[in-house]
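Q: Generate coordinates for the sequence data below:
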Amino acid sequence: MKIPINVPIIENEEINEVRAVLSEKSLTSAANAGGTRVQEFEKLLSSYVGSRYAVAVNSGTAALQASLYALDIKNGDEVLLPSFTFVATANSIISVGAKPIFVDILPENYTMDPEDLRKKITKKTKAIIPVHLYGNFAYMQEISEIANKYNLQVIEDAAQSLGTTYNNKHSGTFSRVGCFSLYAAKVITSGEGGAVITDEKQLFEKLRKIRNHGMVHGYDTRILGLNFRLPEINAAIAKIQMKKLSKFLKKREKNAKILSELLYDLDIILPSERQGVKVNWYLYTISTKNRDKLLKQLNSKGIGAAAYYSTPVHRTPFFNKKMNLPITDWAASTVLSIPVHPLVTENNLHYISKTIHQLIEK
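A: Residues are numbered from 1 along each chain as shown. Down below sits the predicted model:
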């Protein structure tokens with residue numbers, strides 16, 4: 001038995017839509033509005049999350065980069081972010097010439113600690129990028145209050161949280177821009193891809209220019225931009241996946257609930273939803289002692305558990321910073337994510353639970 005941590009669900013609808021793109025030979029579009037399927041996907045996304053606009057790009061990283069450009073974050077600016085995240089968040093900051101400043105997290109849901117955030121603000125601070133890690137919802141009310149007090153921009157890294165809501169309002173809509181990823185392992189996919197959402201027309205128009213070399217009509221580059229365009233094949237997949245998102249999330253929620261019921265009696269920290277939050281269950285993440293040993297044993301039994309992220313960004317060789325981020329270090333050494341994606345069956349969940357019980361109770 002093999003149960004992967006996450007797997008893209010590609011069915012006949014996606015395959016047929018891709019075939020249609022290939023038949024039409026309209027593989028991409030340099031038009032300001034993007035190709036037909038790019039526009040269709042953007043409408044579906046903005047309608048789903050309740051934003052006025054969406055701009056599709058070719059990765060979650062590109063979404064972050066485009067947002068930083070759009071908000072005029074530049075050389076010498078400091079941007080605050082958690083170290084406990086995928087490296088793309090920090091890399092996007094470096095790519096625009098700014099400096100990442102790492103903030104600790106809260107143990108409750110592995111997202112940015114507003115109090116540590118407040119301590120890290122300097123005269124050079126220009127922006128904050130909270131990350132809705134694992135599909136959990138960052139403490140946006142507190143973060144927004146701090147940002148408003150110090151006149152800082154906020155970019156939500158919602159790469160892992162499409163479908164997560166707080167008081168029925170979607171992640172990514174609590175700031176001027178929100179960034180999503182459509183990577184193969186996410187709750188929906190386009191293979192590679194991403195999107196930026198906003199309610200501001202001026203930002204929307206600027207983001208469209210940025211994803212297409214700063215152009216509007218032909219070769220009339222007006223601002224700095226790059227090739228962040230989403231190809232039509234990818235948009236075709238994303239368009240169909242958007243229509244299945246609610247179904248996918250219901251299955252993830254059901255699987256997470258079952259797993260919590262099966263594991264409640266063990267001496268481990270289970271994930272939970274704080275009041276008002278509805279998590280998308282992108283990753284079902286526990287915290288446990290002897291994580292590395294348990295991870296190795298689970299993998300040997302065909303269970304695709306994974307540790308996201310055993311090396312925080314600040315301790316990777318490229319960044320190599322010695323910092324006091326105690327909760328980040330604790331999480332990095334104890335977290336373990338377990339499969340709950342829509343293809344995980346109830347029998348799989350019982351097998352996972354039985355295996356974890358056997359291994360922990362030894």
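Q: And the helix or strand containing residue 328, what's buried?
A: Residue 328 is part of helix 326-334 when elements are defined by DSSP states H and E. For helix 326-334, the buried set under the neighbour-count rule, 16 or more other C-beta atoms under 10 Å, comprises 327-329, 331-332, 334. To be clear about C-beta, it is placed using only N, CA and C from the backbone, and glycine gets the same treatment.
Q: Skip ahead from it and say which helix or strand is next.
A: Going down the chain from helix 326-334, the next helix or strand is strand 335-338, by DSSP H and E.
Q: tell me what that next one is packed against?
A: In this structure, strand 335-338 makes packing contacts with strand 284-287, helix 291-300, judged by 3 or more C-beta pairs under 8 Å, 6 or more residues apart in numbering; DSSP states H and E.
Q: So what's the model's average confidence on that strand?
A: On average, the pLDDT along strand 335-338 is 98.
Q: mind checking how far that strand is from the chain centre?
A: How far strand 335-338 lies from its chain's middle: 16 Å, per C-alpha atoms, centre = their mean, to the nearest Å.
Q: which is the next helix or strand following it?
A: That would be, after strand 335-338 and using DSSP H and E, helix 346-360.
Q: Now do that following helix: which elements does it pack against?
A: helix 232-263, helix 291-300.
Q: how does it look with 10 Å?
A: helix 232-263, helix 291-300, strand 335-338 (3 or more C-beta pairs under 10 Å, 6 or more residues apart in numbering; DSSP states H and E).
Q: What residues sit buried inside the last one?
A: Just to be clear, that refers to strand 335-338. Those would be 335-338, for strand 335-338 by 16+ other C-beta under 10 Å.
Q: Likewise for the first one?
A: Of all the residues in helix 232-263, those buried under the rule 16+ other C-beta under 10 Å are 232-242, 244-245, 248-249, 251-256, 258-259, 262-263.
Q: Distance-wise, check residue 341 relative to residue 288.
A: 21 Å (C-beta to C-beta, to the nearest Å).
Q: ok, now residue 248?
A: 27 Å.
Q: Same question for residue 1.
A: Taken as C-beta to C-beta, the span from residue 1 to residue 288 is 22 Å.
Q: go on, residue 362?
A: Distance, residue 362 to residue 288, by C-beta to C-beta: 13 Å.
Q: So those two - more neighbours on which side?
A: Comparing residue 362 with residue 288 by other C-beta atoms under 10 Å, the one with more neighbours is residue 288, at 18 against 6.
Q: what sits against that one?
A: Residues near residue 288 by C-beta atoms under 10 Å, 6 or more residues apart in numbering: 266-270, 294-295, 334-336, 356, 360.
Q: Okay, domains of the protein per the record?
A: What automatic domain parsing lists as the domains of the chain is 12-103+110-240, 245-360.
Q: Buried deepest among those domains, which one?
A: domain 12-103+110-240 (a mean of 21; mean count of other C-beta atoms under 10 Å).
Q: what distance separates that domain from the middle of the whole chain?
A: Once both centres are worked out by C-alpha atoms, centre = their mean, domain 12-103+110-240 turns out to sit 9 Å from its chain's centre.
Q: picking up where we left off before, including distance to residue 101, could the helices and strands packed on helix 346-360 go into CSV?
A: As requested, the helices and strands packed on helix 346-360 are exported to CSV (distance: least, C-beta to C-beta, whole Å):
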stretch, distance to residue 101
helix 232-263, 33
helix 291-300, 28
strand 335-338, 23
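Q: quick one: which of these is nearest residue 128?
A: strand 335-338 (23.1 Å; C-beta to C-beta).
Q: what comes into contact with the closest one?
A: Outside strand 335-338, the residues that touch it by C-beta under 10 Å, 6+ apart are 3, 5-6, 84, 110, 133-134, 255-256, 259, 263, 268-269, 271, 282-288, 291-292, 294-295, 298, 303-310, 344, 349, 352-353, 356.
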